[in-house]
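*Asks:* here's a sequence, model it:
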Amino acid sequence: MWAPNGMPPEILSRMSRELAKALTNATLKARYADLGAEPIAMETPEFRKLLVGEAEQLSTVIREQKISMD
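*Replies:* Okay, here's the model as predicted:
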């Protein structure tokens, strides 16, 4: 889940807790499975680390393969 930049940490924390709780719901888990998705609850720092890592990997591939938007 995404939130606007600058959101207060206490709100981010509550959103994270509530989302983690929601992801334990069997109906919601089944719906995600039907869509081919596997929901994973992460705290904000862990999610940020994942995004930074993905961006680094993709930028390397784009640079090495000389991919452009032409």
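*Asks:* use CA for all of it now, contacts and neighbours both
*Replies:* OK.
*Asks:* burial count for residue 40?
*Replies:* 9 (other C-alpha atoms under 10 Å).
*Asks:* hmm, I typed the wrong one, I wanted residue 38.
*Replies:* Residues near residue 38, counting by other C-alpha under 10 Å: 13.
*Asks:* for residue 16, give me the pLDDT.
*Replies:* pLDDT recorded at residue 16 is 89.
*Asks:* element containing it, please.
*Replies:* helix 9-22 (DSSP states H and E).
*Asks:* got the contact list for that helix?
*Replies:* 3, 28, 41-44 (C-alpha atoms under 8 Å, 6 or more residues apart in numbering).
*Asks:* show me what the stretch of helix or strand residue 53 belongs to is packed up against.
*Replies:* Applying DSSP H and E as the criterion places residue 53 in helix 44-64. In terms of contacts (3 or more C-alpha pairs under 8 Å, 6 or more residues apart in numbering; DSSP states H and E), helix 44-64 is packed against helix 9-22.
*Asks:* distance from the helix it packs on to the middle of the chain?
*Replies:* Mean-position distance between helix 9-22 and its chain equals 13 Å (C-alpha atoms, centre = their mean, to the nearest Å).
*Asks:* now do that helix and helix 44-64, the angle between them.
*Replies:* With axes from the mean of the first three to the mean of the last three C-alpha atoms, to 10 degrees defining the directions, helix 9-22 sits at 90 degrees from helix 44-64.
*Asks:* picking up where we left off before, and after the helix holding residue 16, which helix or strand comes next?
*Replies:* helix 26-34.
*Asks:* between that next one and helix 9-22, how many degrees?
*Replies:* Using the same axes, to 10 degrees: helix 26-34 against helix 9-22 is 80 degrees.
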